[in-house]
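[1] Quick one, what's the 3D model for this:
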Amino acid sequence: MKLSDLAGALGCECRGDGAVEITGVSGMEQAKADQLTFLANPKYAHKVKHSQAGAILVSIFLDGITPAQLISTNPYLDFARALALFYQPPSPAAGIHPAAAVAASARIGENASIGAFAVVGENVVIGRNAIIRPHVAIYDGAVIGDDFHAHSHSVVREFCRIGNRVTLQNGVVVGGDGFGFAKAADGRHHKIVQSGITVIEDDVEIQTLTSVDRATVGETRVKRGAKIDSLVQIGHACVVGEDNIICAQTGLAGSSVLEKNVLLAGQVGISGHLTIHDNAVIYAQSGIGGDVEQGAVMSGSPAFDARQWLRAITAFQKLPEMLKSVRELERRLHSMEEAADKIK
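    Residues are numbered from 1 along each chain as shown. Below you'll find the predicted structure:
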C-alpha cells in the first residue's frame, strides 16, 4: 500500500514521500524501509533518528529525520488501526463442522462458523457472524449476540447472556459457580447454590484463562467496552464498569463494584462489597480494602494515595539508617542526662 493511501485510510496528514510502499508495521527499532512505526511518547523521540522505518506516525512534525511522517492526533491508536489493515488473522469458513454437537433447539444466526468438537446446548441463541472455535462449550439456555468470537476451550455456562462483538480468548469461563459456602455447626462447608447469571455487555474482550463467576442470586455484570486481561478472577455479583481496564492476575472478591473508566494494574486485590468510583487508577500489587473516590490514584497494600505512597516507600528504604540515628541520639541524650545528674 502506498503511504499516501495509508494516510487517507487513517485520516492522517502525510509529510514526505507519499509514494513509499508500506507492506506492514513494526516497532521502532525493528522496522524496515517498507514498514510503518510510531512514536507515542515524546521522551523516545531520540530513537527516531536511528530507525530504518519507511514512515512513522507522530503527533507533531519532527525536523531532521529520514522517515516520512504521518501526523496523527493519536499515533498509538492509528498504529493499531494500521496493524489491522495489514494483518488479517485466519477466518474459518461459515458452517457447522460435522464433529460439532449442536442441539436441535439451538438457534444459530446466519454466517456462523462452529468448529469441530464444539458443543452448543439446548435452547441456546447465537446471533449473526459467530465464530465458535473447536472445543468451545456453550451450555443450555445461553443467549449470545452478533459477531461473537469464542476461542478454543472457552465456556459459556447455562443461561448467561452475552452482547454483540464480544471476544473470549482461550480458556475463559463465563458463568462458572461463584465461590459460596456456608459453614455448618460441625465445621463442614455446605455449598450455596449459585442461581444467578453472568451478563457480558457489548464490545467486551476477555483474555485467556480468566473467570467471570455467576452470582449467587441476581447477576454478575461486565459492562460495555471493558477489557479484561489473562488470569483475572471476577467474583460473584461483581460489576465491572464501562471501558474498565483490568490487568493480569487481578482478583475481585464478591460484590465489588467498579464504575466507569477504572484501571486496575496487574496483581491488584479487591476485597468484596466496596465501590471503586469513576476514573480511579490502582497501581500494580495494590490491596484495596475500602471504597475508592472518583479519580483517585492509589498504590500499596493496604492502598493509599500513590503520591504519598511514593514518598513513604522512599522513606521505608531508609528506615534502618534512621533507626540507627535515633538509637545514637538516644544514647547521646542518655549520656547527657547522666552527666547532668553528676553535676547536681
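[2] What pLDDT does the model give Lys344?
    The model reports Lys344 with a pLDDT of 67.
[3] do Lys324 as well
    Reported pLDDT for Lys324: 89.
[4] Am I right that it falls within a strand?
    No. Using DSSP: H, G, I helix; E, B strand; the rest coil, the secondary structure at Lys324 is helix, not a strand.
[5] Who are the contact partners of it?
    Not one residue lies near Lys324 by Cβ atoms under 8 Å, 6 or more residues apart in numbering. C-beta coordinates here come from the backbone N, C-alpha and C atoms, glycine included.
[6] and it, how far is that from Lys318?
    Plainly put, Lys324 is 10 Å away from Lys318 if you go by Cβ to Cβ, to the nearest Å.
[7] now swap in Met1 and tell me
    For Met1, the distance to Lys318 equals 56 Å [Cβ to Cβ].
[8] Neighbour count: the two, which is higher?
    Shown here are Met1 and Lys318; by other Cβ atoms under 10 Å, Met1 has more neighbours (15 against 10).
[9] In this structure the more buried one contacts Gly54, no?
    No. Proximity of Met1 to Gly54 does not meet the contact threshold set by Cβ atoms under 8 Å, at 11.2 Å.
[10] packing partners for the worst-scoring helix or strand of the chain on mean pLDDT?
    Lowest by mean pLDDT, DSSP states H and E among the helices and strands of the chain is helix 306-317, with a mean of 82. Counting contacts by 3 or more Cβ pairs under 8 Å, 6 or more residues apart in numbering; DSSP states H and E, helix 306-317 is packed against strand 297-299.
[11] Pairing partners for the strand it packs on, with directions?
    Next to strand 297-299 in the sheet, as set by DSSP bridges, lie strand 281-282 (parallel), strand 304-305 (antiparallel).
[12] Select from the ones you listed the stretch with the lowest mean pLDDT.
    In terms of average pLDDT, strand 304-305 trails the rest of the strands paired with strand 297-299, at a mean of 84.
[13] doesn't Leu6 fall inside a strand?
    No. Judged by three-state DSSP, Leu6 forms no part of a strand; its state is helix.
[14] what's the nearest residue to it if we skip its chain neighbours?
    Ile22 (5.6 Å; Cβ to Cβ, 6 or more residues apart in numbering).
[15] Could you report the distance from that neighbour to Thr37?
    Counting by Cβ to Cβ, the gap from Ile22 to Thr37 is 10 Å.
[16] can you map out the helices along the protein?
    Ranges of helices within the chain are 3-10, 75-86, 306-317, 319-343, based on DSSP state H.
[17] pLDDT score assigned to Tyr283?
    Note for Tyr283: predicted pLDDT of 97.
[18] on that earlier part again, name the residues of the least confident helix or strand of the chain that are buried.
    Buried positions in helix 306-317, judged by neighbour count with 16 or more other Cβ atoms under 10 Å: 306, 309.
[19] and the angle from that helix to helix 319-343?
    Interaxial angle of helix 306-317 relative to helix 319-343 (axes from the mean of the first three to the mean of the last three Cα atoms, to 10 degrees): 60 degrees.
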